[in-house]
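*Asks:* Task: produce atomic coordinates for the following.
(one chain, ligands or ions: 1)
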Amino acid sequence: MTSTEFRKAAHELVDWMADYMDNVGTYPVKPNINPGDIKAQLPHEAPETSEDFEAIFSDFNKIILPGMTHWQHPNFFAYFPSGTSGPSVLAEMLSSTMGAQCMIWLTSPAAEELEERMMVWLRGMLGLPDNFTGVIQDSSSSSTLVALLTAREVHSGYSINQSGFEGKARFRIYTSEQAHSSVDKGVKIAGFGISNLVKVEVDKSFAMNADALEKAIEADLKAGFIPLCVVSTIGTTSSTAVDPIKAIGLICKKYKCWHHIDASYSGTALLIPALRWMSDGVELADSFVFNPHKWMLTNFDCSAYFVKDKKALTSTFSILPEYLKTPQDHLVNNYRDWSIPLGRRFRALKLWFVIRSYGVEGLKKIIGEHISIGQWLKEEVDKEGDFELLAPVPLNLVCFRYKPANMIDENQLNDLNQHLLEGLNSTGKILLTQTKLQNKYTLRFVAGNNSTSKKVVEDSWSLIKSFARGINLSKFMNG
Ligand SMILES: *Cc1c(COP(=O)(O)O)cnc(C)c1O
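*Replies:* As a prediction, this is how the structure comes out:
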């Protein structure tokens with residue numbers, strides 16, 4: 001592609017992008033397709049000869065677009081949001097044009113120094129302790145794995161990196177029953193064995209029961225295990241439950257456990273000082289992760305990982321083959337030593353664009369609006385006799401179900417609510433996802449998209465109510 005051809009195509013695409021941002025609400029939120037429908041339209045083999053841009057872009061519109069779930073759709077209330085914004089996309093255009101590799105300072109000095117500064121900005125914006133040092137990882141899953149590996153190496157005096165687990169007592173990792181599956185995955189990958197992950201019970205608000213944690217640690221010590229690490233959560237994935245961070249931190253201090261906090265989604269809410277009760281005790285933690293790529297308008301991927309003991313982190317991950325040595329090694333951060341992959345994208349640029357474009361005030365305003373919409377919806381659900389809230393709503397995720405007056409059988413209610421969710425989603429007008437809370441089939445509604453609004457949520461709530469009340473209940477009650 002010549003630069004002339006590129007320029008022409010790029011202008012066309014930028015127009016497409018701006019139109020998409022304006023019109024994303026006119027697409028079905030979720031495509032109405034079956035597995036294999038897209039593959040069936042794609043040739044089995046790569047083309048031998050060059051195809052022109054017009055043909056490729058036309059196939060994008062014809063084949064790919066109709067097969068996409070539109071995460072930026074104002075009526076996308078599923079999972080957690082995977083936000084983006086104009087400034088974020090613009091920064092991505094620049095960083096992919098430069099094709100920058102940011103593994104060490106020398107390979108992209110400005111990227112390394114900007115990343116350092118952005119992590120200081122984020123630390124200040126969220127009110128995290130000054131002695132935390134940050135680095136951008138690709139995902140929370142990676143960040144949590146990095147924390148587990150660091151805890152492992154600190155405890156073993158870096159000897160498991162050297163000689164494996166041989167002769168070591170069994171380490172135990174603790175997290176709540178409501179923790180994200182990335183903790184399970186990290187425990188497996190770090191070599192602890194999933195049977196050494198202790199799932200601590202939760203209280204009525206789905207937050208970890210700190211007394212139960214301490215009892216589990218005591219029991220493990222008696223049995224000859226080594227309590228190594230506790231992973232707590234600020235804002236669980238099922239219901240944004242907030243674990244008691246301070247109580248857990250004190251227990252970790254007492255038993256010399258690493259305390260890692262997973263604030264993947266809800267960490268962004270710490271922008272608002274009134275919500276910092278959630279992170280009370282964070283100064284006792286050893287590491288903390290949150291994802292600007294969820295709620296902070298920064299497109300995937302961008303996970304902000306903070307660690308108190310930077311030396312522990314780099315001692316766990318550093319490798320220094322001859323061809324990577326540079327004269328500046330003692331003066332700069334070489335982020336290859338802070339995470340699992342060697343190669344790294346230039347992710348700090350989009351944070352810089354986003355934070356400067358909105359300003360901290362602007363970001364706070366957007367997040368605050370999402371939360372007040374969530375609180376509004378919570379009250380609406382609570383008002384209706386035939387709907388039921390199934391978890392507290394600290395932020396903007398509302399967990400609820402439809403519960404008609406004369407229906408009491410839990411299995412029938414589960415079937416009914418699954419039918420409701422699937423029916424709503426098949427309209428293409430709205431997308432919700434489900435969870436199970438105390439074995440109850442639960443609808444999750446998160447209003448956290450850049451494009452959503454109070455009006456959109458009001459209309460969606462009306463849709464949910466009328467759809468639910470239109471269901472023929474006899475089908476569920478007789479069998
Ligand atoms: C989304 C989420 C994760 C996983 O995040 P990735 O960046 O996709 O790995 C982990 N923990 C919690 C609480 C989450 O909400």
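
*Asks:* Need the contact partners of the one helix or strand residue 217 maps to.
*Replies:* Secondary-structure assignment from DSSP states H and E places residue 217 in helix 210-222. For helix 210-222, the external contacting residues (C-beta atoms under 8 Å, 6 or more residues apart in numbering) are 172, 174, 198, 200-201, 226-227, 230, 244, 247-248, 251, 255, 257. Yep, even glycine has a C-beta here, placed from its N, CA and C like the rest.

*Asks:* Report the buried residues of the helix or strand of the chain with the lowest mean pLDDT.
*Replies:* Using mean pLDDT, DSSP states H and E, helix 474-477 stands out as the lowest-scoring helix or strand of the chain, at a mean of 86. Judged by neighbour count (16 or more other C-beta atoms under 10 Å), helix 474-477 contains these buried residues: residue 476.

*Asks:* From the contact counts, what lies against it?
*Replies:* Counting contacts by 3 or more C-beta pairs under 8 Å, 6 or more residues apart in numbering; DSSP states H and E, helix 474-477 packs against helix 410-426.

*Asks:* Which neighbouring elements make contact with the helix or strand containing residue 8?
*Replies:* Here residue 8 sits within helix 3-23, counting by DSSP H and E. On a contact count with 3+ C-beta pairs under 8 Å, 6+ apart, helix 3-23 meets helix 53-59.

*Asks:* And the closest residue to residue 31 other than its chain neighbours, how far from residue 59?
*Replies:* Nearest non-adjacent residue to residue 31, counting by C-beta to C-beta, 6 or more residues apart in numbering: residue 67, 5.3 Å away. Distance, residue 67 to residue 59, using C-beta to C-beta, to the nearest Å: 12 Å.

*Asks:* go on, residue 139?
*Replies:* 30 Å.

*Asks:* Could you do residue 174 as well?
*Replies:* 50 Å.

*Asks:* Neighbour count for these two, which is higher?
*Replies:* The residue with more neighbours, out of residue 174 and residue 59, is residue 174; 30 against 14, by other C-beta atoms under 10 Å.

*Asks:* does that one sit in a helix, a strand or a coil?
*Replies:* strand (DSSP: H, G, I helix; E, B strand; the rest coil).

*Asks:* all strands for the stretch 201-350 of the chain, in order.
*Replies:* Using DSSP state E, counting those that start in this stretch, the strands of the stretch 201-350 of the chain run over 226-233, 258-262, 287-290, 303-307.

*Asks:* Would you mind giving the ones you listed as JSON lines with mean pLDDT added?
*Replies:* As requested, the strands of the stretch 201-350 of the chain are exported to JSON lines (pLDDT from 0 to 100):
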{"stretch": "strand 226-233", "mean pLDDT": "98"}
{"stretch": "strand 258-262", "mean pLDDT": "98"}
{"stretch": "strand 287-290", "mean pLDDT": "98"}
{"stretch": "strand 303-307", "mean pLDDT": "98"}
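
*Asks:* Using JSON lines, please lay out those strands together with distance to residue 152.
*Replies:* Output for the strands of the stretch 201-350 of the chain, formatted as JSON lines (distance: least, C-beta to C-beta, whole Å):
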{"stretch": "strand 226-233", "distance to residue 152": "7"}
{"stretch": "strand 258-262", "distance to residue 152": "9"}
{"stretch": "strand 287-290", "distance to residue 152": "13"}
{"stretch": "strand 303-307", "distance to residue 152": "14"}
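
*Asks:* could you dump these to a markdown table with mean neighbour count?
*Replies:* As requested, these are exported to a markdown table (neighbours: other C-beta atoms under 10 Å):
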| stretch | mean neighbour count |
| --- | --- |
| strand 226-233 | 26 |
| strand 258-262 | 28 |
| strand 287-290 | 28 |
| strand 303-307 | 27 |
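
*Asks:* what does this protein put close to the ligand?
*Replies:* 80, 139-141, 180, 182, 233, 236-237, 262, 264-265, 291, 303 (C-beta under 6 Å from any ligand atom).

*Asks:* residues touching residue 132, list them.
*Replies:* 123, 288, 306, 307, 308.

*Asks:* rerun at 10 Å
*Replies:* If you count contacts by C-beta atoms under 10 Å, 6 or more residues apart in numbering, residue 132 has them with 119-120, 122-123, 126, 282-283, 285-288, 305-310.

*Asks:* if I look at it, how far off is residue 100?
*Replies:* 26 Å.

*Asks:* now do residue 13
*Replies:* The value you get for residue 13 to residue 100, if C-beta to C-beta is used, is 21 Å.

*Asks:* At which residues are the helices of the stretch 301-450 of the chain located?
*Replies:* Here the stretch 301-450 of the chain has its helices, by DSSP state H, counting those that start in this stretch, at 310-317, 348-383, 410-426.

*Asks:* Excluding residues flanking it in the chain, which one is nearest whatever residue of the stretch 201-350 of the chain ends up closest to the ligand?
*Replies:* The nearest approach of the stretch 201-350 of the chain to the ligand comes at residue 264, 3.4 Å away (C-beta to the nearest ligand atom). Distances taken as C-beta to C-beta, 6+ apart put residue 140 closest to residue 264, at 4.2 Å, once the chain neighbours are dropped.

*Asks:* is it true that that neighbour touches residue 293?
*Replies:* Yes: between residue 140 and residue 293 there is a contact under C-beta atoms under 10 Å: 9.2 Å.

*Asks:* shared neighbours of those two, which are they?
*Replies:* By C-beta under 10 Å, 6+ apart, the residues touching both residue 140 and residue 293 are 264, 301, 303, 304.
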